[in-house]
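> Below are the sequence and a predicted model for it; my questions follow.
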Amino acid sequence: MSAPRGELGRFLRRLPLSVLAAAAIWVVVRPVYEPALCRSAEIAARMVEFPKVAKIQRDDGHALIGRTDLRADSAWLKLSLTQIHFNAVPFLALLFAFPGARPKGTFRRVLVAVGVLLLSHVLALVANVKVFYAADLGSWSQSHYSDTARALYGALRYFFDIPVTFTLPLLLWVGVFRERVLALAGMAVGDAAPRPSGRKERRPAAPA
């Protein structure tokens with residue numbers, strides 16, 4: 001038990017500095033990441049619509065969402081991009097906080113986890129595009145989308161805003177360091193005592 005407890009102690013001691021490092025990286029990277037995120041989400045939104053009119057552009061930490069086939073004075077949705085991608089901070093902090101050497105294959109799992117996280121950001125932005133179309137354009141939305149469609153898109157946005165945003169970093173971290181996380185939780189495989197074989201031990205016969 002001492003080894004898992006020792007690693008848990010090191011993990012907890014490293015966590016505050018890991019949060020600071022993750023936040024610093026997030027601040028530095030976001031001016032480059034946000035335009036790429038908006039462009040990627042625009043492409044993804046246009047892939048699932050006809051005509052292809054989705055417009056997403058970055059504006060000082062926000063995404064401006066609109067349609068190119070509507071009048072210039074039509075409504076635009078202004079959405080904070082922070083709420084889309086801030087979960088990168090806890091994800092990176094959890095990655096950085098694990099002490100010691102990384103087992104073989106960890107780098108590949110980290111790349112996959114980062115890819116899943118970035119994809120979730122794109123899909124979350126696309127979900128907001130769909131809700132904007134279905135509910136925020138007044139009479140145009142009423143004439144082009146049913147109440148059922150509005151409810152479905154609203155549920156989709158809620159799914160990305162709450163469950164995905166707050167649980168995905170933890171799930172990805174567990175996926176990257178599964179064995180070590182289980183060990184920290186006291187559920188490491190292989191610690192159980194050996195089971196008896198079920199065979200009866202034969203005693204030598206007593207001398208006559």
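Happy to help now that I have it.
> which residues of the protein fall in helices?
Assigned by DSSP state H, the helices in the chain fall at 2-47, 82-85, 88-97, 106-135, 139-144, 147-159, 165-176, 178-184.
> What are the contacting residues of the third one?
With C-beta atoms under 8 Å, 6 or more residues apart in numbering as the test, helix 88-97 has contacts from 11, 14-15, 17-19, 21-23, 25-26, 110, 113, 117, 168-170, 172-173, 176. For every residue, glycine as well, the C-beta is placed using N, CA and C.
> so His121 touches Leu37, yeah?
Yes. Contact criterion C-beta atoms under 8 Å: His121 and Leu37 qualify, at 5.7 Å.
> Need the overlap of contacts for those two.
What both His121 and Leu37 touch, as defined by C-beta under 8 Å, 6+ apart, is the set Ile84, His85.
> just to revisit the earlier point, most neighbours per residue, which of the helices of the chain?
Highest mean neighbour count among these (mean count of other C-beta atoms under 10 Å): helix 88-97, with a mean of 20.
> Next, the angle helix 2-47 makes with that helix.
On the basis of axes from the mean of the first three to the mean of the last three C-alpha atoms, to 10 degrees, helix 88-97 is oriented at 150 degrees to helix 2-47.
> Grab the CA positions of helix 88-97 and hand them over as CSV.
Provided in CSV are the C-alpha atoms of helix 88-97 (Å, rounded to 0.1, in the frame of the first residue of the first chain):
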residue,chain,number,x,y,z
ALA,A,88,-8.0,21.7,-22.0
VAL,A,89,-6.6,23.2,-18.8
PRO,A,90,-7.7,20.4,-16.4
PHE,A,91,-6.8,17.8,-19.0
LEU,A,92,-3.2,19.1,-19.4
ALA,A,93,-2.9,19.6,-15.6
LEU,A,94,-3.8,16.0,-15.0
LEU,A,95,-1.3,14.8,-17.6
PHE,A,96,1.5,16.9,-16.2
ALA,A,97,0.8,15.9,-12.5
